[in-house]
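Q: Show me the folded form of this:
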Amino acid sequence: LATSSLGKSAGGIAVIIAMAAVIGECLTVSGGAERVVDALLKLWGERRASIALALAGFILAIPVFFDTVFLLLLPVARVLAQRTGKDYMFYVLALCAGGVIAHSSVPPTPGPLLVAEQLGLSLAVAIGGGVVCGLIPAVVGVMIARWVSGRVSVPQPEFLAPDEGRAATMPSLMASFAPVLLPLLMIGGVSAAQLATENLPDWLSVVGDKHVALGAGMIAALLLAMRSVAGQGQTLHGLLGRPLEMAGPIILITAAGGAFGAMLRAAGIGEAVASMAQGSSLNFVLLGWLVAAVLKAAQGSSTVAMITSTGILAAAAGDMGWGVNPIWVFLAIGYGSLALSWANDSGFWLVSRLCGWDEKTTLKTWTVVLSSISVTGLLIVLVASTVI
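A: Alright, predicted model coming up:
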């Protein structure tokens, strides 16, 4: 059972995760990610730089893993703090707020991707729901980041001067957005066409396939990167090597989470949860958030928390169904996986060490911001699942 579940989980996500990793690496190498950030900063201005950073973190975390987004945007937060002479902690927490929301609720990030697969949600619905419902938690996260940074005092670090010649080598804004927007437009466009008519041409269905769409985004990203590094001795093999090497362990860990969920179902945990609530109606939105939050606090990984929670809830639901649209269960699990991030979470240490904060400071800042986003997301999903 464990082996077959591992293979089934990997089969549903491996190719997509690998292509998303390539897109992220190419955006970084080419300078496309920096171009997106610069454009957002120009649009919002330095006075609203926190909003720009949160938005950049959200956009870039759709195809890129959170640790990569954080490493990518941290220099931008440092430059902004250098220019203003203040608010370094605020800028860091703002970019974290945007990044973690996409990481937990917008495919093709591994956790949301596998949860959507197990719940039978189309990629278009999962992406659309994650983006739309993530707006208010992102705003709340930025507000809490401002509140927290005003109450936790840390020394303003010294920074190196920014590279003024870097902007001249960056690609255009349109080319930089293409690897991210192209798959979203292909999947979303075909999904919209399916709502308008039941008889779609076969070729249009192929265009909207998630593998085809992500493949188109990957090709656009590779072309962008190859053009940017032309003359530097960089090869296609070199561009593909690092992201695929990085994607391998992520695929295995995510697939193992799926196998773990299957083993929990086989062990009867879902049925035990259902029997405990016998005679009362289960609210799978609230239950999904609670189970994910407990698992997150217990073992630290948001991805494992999401995948395992889905397995437990699927067994508890059984033949009686969810009682609500599965998109709300999907989002509740994602937001639950953000609660109570502490010392067993790799993201906790990534932020702590790179920002020079001690554990107590990180608990007062990073943990508080993520938990506030988690609770806000739950409230939004509970209201939305009741109204819609």
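Q: what about the residue lying closest to residue 291 once chain neighbours are set aside, neighbour count?
A: Spatial nearest neighbour of residue 291, chain neighbours left out: residue 309 (4.5 Å); criterion: Cβ to Cβ, 6 or more residues apart in numbering. From N, CA and C alone the C-beta is placed, and that goes for glycine too. Using other Cβ atoms under 10 Å, residue 309 has 31 other residues around it.
Q: Please tell me how far residue 309 sits from residue 285.
A: In this view, residue 309 and residue 285 are 12 Å apart by Cβ to Cβ, to the nearest Å.
Q: contacting residues around residue 185?
A: Contacts here follow Cβ atoms under 8 Å, 6 or more residues apart in numbering; on that basis residue 185 touches nothing.
Q: swap in residue 179?
A: Counting by Cβ under 8 Å, 6+ apart, residue 179 touches 23, 26, 27, 32, 63, 217, 218, 220, 221, 224.
Q: residue ranges of the strands in this structure, please?
A: Secondary structure of the chain (DSSP state E): no strands located.
Q: Contacts only, for the residue most central in space within it.
A: By Cα atoms, centre = their mean, the chain has its centre lying nearest to residue 103, at 1.4 Å. Counting by Cβ under 8 Å, 6+ apart, residue 103 touches 61, 65, 66, 109, 111, 302.
Q: now residue 213
A: 182, 183, 184, 186, 187, 207.
Q: about what we covered before: of the contacts of residue 179, just the buried ones, PyMOL syntax please.
A: Buried members of the contacts of residue 179, defined by 16 or more other Cβ atoms under 10 Å, are picked up in PyMOL with:
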select buried, resi 23+26+27+32+63+217+218+220+221+224
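Q: Throw the contacts of residue 179 into TSV and include distance to residue 203 and pLDDT, thanks.
A: Shown next, in TSV, are the contacts of residue 179 (distance: Cβ to Cβ, whole Å; pLDDT from 0 to 100):
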residue	distance to residue 203	pLDDT
23	24	81
26	27	84
27	29	79
32	29	82
63	25	66
217	19	87
218	20	89
220	20	91
221	24	88
224	26	88
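Q: Just put the contacts of residue 179 in JSON lines and tack on distance to residue 337.
A: Shown next, in JSON lines, are the contacts of residue 179 (distance: Cβ to Cβ, whole Å):
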{"residue": "23", "distance to residue 337": "23"}
{"residue": "26", "distance to residue 337": "28"}
{"residue": "27", "distance to residue 337": "25"}
{"residue": "32", "distance to residue 337": "29"}
{"residue": "63", "distance to residue 337": "19"}
{"residue": "217", "distance to residue 337": "25"}
{"residue": "218", "distance to residue 337": "27"}
{"residue": "220", "distance to residue 337": "30"}
{"residue": "221", "distance to residue 337": "27"}
{"residue": "224", "distance to residue 337": "32"}
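Q: quick revisit: the residue nearest to residue 291: what's it in contact with?
A: Residue 309 is in contact with 288, 291, 292, 295, 333, 336, 337, counting by Cβ under 8 Å, 6+ apart.
Q: How about residue 365?
A: By Cβ under 8 Å, 6+ apart, the residues touching residue 365 are 89, 93, 145, 148, 149, 152, 357.
Q: hang on, the earlier thing: so which of the contacts of residue 103 sits lowest on pLDDT?
A: Minimum pLDDT for the contacts of residue 103 is recorded at residue 65 (68).
Q: May I have stretch 286-303 exported as PDB, CA atoms only?
A: The C-alpha trace of stretch 286-303 is given here as PDB (Å, rounded to 0.1, in the frame of the first residue of the first chain):
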ATOM      1  CA  LEU A 286     -13.000  23.900  10.500                       C
ATOM      2  CA  LEU A 287     -11.800  20.400  11.000                       C
ATOM      3  CA  GLY A 288      -9.400  20.700   8.100                       C
ATOM      4  CA  TRP A 289      -7.800  23.800   9.500                       C
ATOM      5  CA  LEU A 290      -7.600  22.300  13.000                       C
ATOM      6  CA  VAL A 291      -5.900  19.100  11.900                       C
ATOM      7  CA  ALA A 292      -3.500  20.900   9.700                       C
ATOM      8  CA  ALA A 293      -2.600  23.400  12.400                       C
ATOM      9  CA  VAL A 294      -2.000  20.500  14.900                       C
ATOM     10  CA  LEU A 295       0.200  18.600  12.500                       C
ATOM     11  CA  LYS A 296       2.100  21.800  11.600                       C
ATOM     12  CA  ALA A 297       2.900  22.500  15.200                       C
ATOM     13  CA  ALA A 298       3.900  18.900  15.800                       C
ATOM     14  CA  GLN A 299       6.300  18.300  13.000                       C
ATOM     15  CA  GLY A 300       7.100  21.700  11.300                       C
ATOM     16  CA  SER A 301       6.500  21.000   7.600                       C
ATOM     17  CA  SER A 302       3.500  22.800   6.100                       C
ATOM     18  CA  THR A 303       3.600  20.500   3.100                       C
END
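Q: All set now, cheers.
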